[in-house]
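Chemist: Attaching a predicted model along with its sequence, questions to come.
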Amino acid sequence: MWWGTSSWTAPVDVCRLAPDDDLVAVTAAQIRALVGRLAAAGRCGTPWQPVPMAILDCGYPAPALADALAGVGVQLLVRLGDEGRRVFYADPPPRQSGQLGRPARHGARFKLADPATWPAPDQVHVVEDSGRYGRVEVRAWSGLHQRLQTRGHFTGRQRPAVVAGTVIRVSVERLPDGRAPHKTLWLWWSGPPGLLADMDVCWRAYLRRFDAEHTFRFAKGTLGWTAARVRTPEQADRWTWLIVAAYTQLRLAVPLARDLRHPWERPPDPARPLSPHRVRRGFRHIRHQLGLPARGPKPARPGPGRPKGHCSGPARRGVRHEGDLEGKSRRPKAGRSASDEERIKPEEEGTSWQ
């Protein structure tokens, strides 16, 4: 894909989280599988090739993911939320000879909202004129960790883990619309042992993550991702994969599509690809040129249809979770007799229809 701002992304996998799934385990499995496919294709895994980078927003626990991906050749870049209360710690100082007591596990305190607790950064990267963001300053402190508990991803361990990483602070002069930024961007980075974080790549790569929001909006508002009235999770999965396939066809048709813009729309930049909306608008002309792999339909008689007097009954819908119907009486609906309620009652005990 193109480096920089763009409305295009390349979806490679889709996974639906079940109510009992663990976010860290599912996300780590997706990243591990993707790295394996890239290595099998010869795109990573050698010393002269770049290490893949997984970029996530603040809804993912960074230390837990870094621990789950230990031993995998991947860089992890996660945005840190709750900057006002988040605290990190450096490594403890060396233990003195003859010192009694339990060895310390945490060193100097590093609070994101308190500049007085920040030591001198290990890396500083400054871009005087980045274009849309003006002057950009990136600072990094390596070897920091959080105080974790034996719960969540770390449940079952005898003592809390110490997962060290690099904390990155990105400050910009202005936003793309000209306003002054109201908050600072904090990132967490971790990677394979011996790999040093590239500050210029980290801050630019995270800005690329915002392009995924355009993909979500386009899939929902234009391709109808959330407009389908599905009844089961399996139907939702199939519909999602159909949306991904349709979006991939549009992305592959970028060099073939013509710009059929309206009179009030701006002409596109010749150096940039067309947006997904404009490619979809011109896709109907590409479809007629490509043709169809199947032959034309043959005339045939209509089917017999539903047999006379046959009733298929209510459609099967998703099963509710246990506890949804606790404390609720099963009253017959208005206009329906008790005998009808008994006739459509599920056969298995404990199963209900929505």
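Modeler: Yep, it's here.

Chemist: what about the strands in this structure?
Modeler: For the chain, the strands defined by DSSP state E cover 53-56, 75-79, 87-89, 109-111, 123-127, 136-144, 165-172, 185-190.

Chemist: closest to Thr150 out of these?
Modeler: Counting by CB to CB, Thr150 lies closest to strand 87-89 out of the strands of the chain; the figure is 17.2 Å. From N, CA and C alone the C-beta is placed, and that goes for glycine too.

Chemist: related to what we said a few turns ago, nearest to Val35, out of the strands of the chain?
Modeler: Nearest of the strands of the chain (CB to CB): strand 53-56, 8.6 Å.

Chemist: Export the strands of the chain to TSV and append columns for mean pLDDT.
Modeler: Formatted as TSV, those follow (pLDDT from 0 to 100):
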stretch	mean pLDDT
strand 53-56	94
strand 75-79	96
strand 87-89	95
strand 109-111	95
strand 123-127	95
strand 136-144	95
strand 165-172	95
strand 185-190	95
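
Chemist: now these in JSON lines, with distance to Arg16?
Modeler: Converted to JSON lines, these look like this (distance: least, CB to CB, whole Å):
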{"stretch": "strand 53-56", "distance to Arg16": "18"}
{"stretch": "strand 75-79", "distance to Arg16": "22"}
{"stretch": "strand 87-89", "distance to Arg16": "33"}
{"stretch": "strand 109-111", "distance to Arg16": "37"}
{"stretch": "strand 123-127", "distance to Arg16": "39"}
{"stretch": "strand 136-144", "distance to Arg16": "34"}
{"stretch": "strand 165-172", "distance to Arg16": "29"}
{"stretch": "strand 185-190", "distance to Arg16": "26"}
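
Chemist: export those to JSON lines and tack on mean neighbour count?
Modeler: Listed next are these as JSON lines, based on neighbours: other CB atoms under 10 Å:
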{"stretch": "strand 53-56", "mean neighbour count": "18"}
{"stretch": "strand 75-79", "mean neighbour count": "22"}
{"stretch": "strand 87-89", "mean neighbour count": "19"}
{"stretch": "strand 109-111", "mean neighbour count": "16"}
{"stretch": "strand 123-127", "mean neighbour count": "14"}
{"stretch": "strand 136-144", "mean neighbour count": "19"}
{"stretch": "strand 165-172", "mean neighbour count": "22"}
{"stretch": "strand 185-190", "mean neighbour count": "22"}
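
Chemist: Let me know how buried the closest residue to Arg281 other than its chain neighbours is, in neighbour terms.
Modeler: Spatial nearest neighbour of Arg281, chain neighbours left out: Leu260 (5.0 Å); criterion: CB to CB, 6 or more residues apart in numbering. The tally of other residues near Leu260 (other CB atoms under 10 Å) stands at 14.

Chemist: returning to what we had before: mind checking the strands of the chain for the one nearest to Gly309?
Modeler: strand 53-56 (56.8 Å).

Chemist: In contact with the residue nearest to Arg281, which residues?
Modeler: Neighbouring residues of Leu260 by CB atoms under 8 Å, 6 or more residues apart in numbering: 278, 281-282.

Chemist: Do you know the pLDDT at Gly335?
Modeler: Gly335 is assigned 50 on the pLDDT scale.

Chemist: Please apply the same query to the one 4 residues further on.
Modeler: The predicted local distance difference test score for Ser339 is 43.

Chemist: quick one: Ala140 and Pro121 touch, right?
Modeler: Yes - counting by CB atoms under 8 Å, Pro121 is a contact partner of Ala140 at 5.9 Å.

Chemist: quick one: which of the contacts of Leu260 sit in helices?
Modeler: Counting by DSSP state H, those place 278, 281-282 in helices.

Chemist: so which of those residues comes closest to Ala253?
Modeler: Gly282 (8.2 Å).

Chemist: What are the neighbouring residues in contact with the closest one?
Modeler: Taking CB under 8 Å, 6+ apart, one finds 257-260, 274 in contact with Gly282.

Chemist: residues near Gly134, how many?
Modeler: Neighbours of Gly134 (other CB under 10 Å): 16.

Chemist: Sorry, wrong one. I was asking about Gly156.
Modeler: 7.

Chemist: so where's the stretch 201-350 of the chain shaky on pLDDT?
Modeler: The model of the stretch 201-350 of the chain has pLDDT under 70 over residues 318-350.

Chemist: now the helices: where do they sit in it?
Modeler: With helices called from DSSP state H, counting those that start in this stretch, the stretch 201-350 of the chain shows them at 211-221, 233-252, 276-290, 338-343.

Chemist: Let's have those helices in CSV, adding distance to Arg37.
Modeler: Converted to CSV, the helices of the stretch 201-350 of the chain look like this (distance: least, CB to CB, whole Å):
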stretch, distance to Arg37
helix 211-221, 19
helix 233-252, 16
helix 276-290, 25
helix 338-343, 51
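
Chemist: between Ala140 and Pro121, what contacts are shared?
Modeler: Residues touching both Ala140 and Pro121 (CB under 8 Å, 6+ apart): none.

Chemist: Show me the residue at the heart of this protein, geometrically.
Modeler: Leu56 (6.1 Å; CA atoms, centre = their mean).

Chemist: So what sits opposite that residue in the bridge?
Modeler: Here Leu56 sits in beta bridges with Val78, as judged by DSSP bridges.

Chemist: and it, what is it in contact with?
Modeler: 27, 62, 65, 76-79, 209.

Chemist: Alright, calling it a day.
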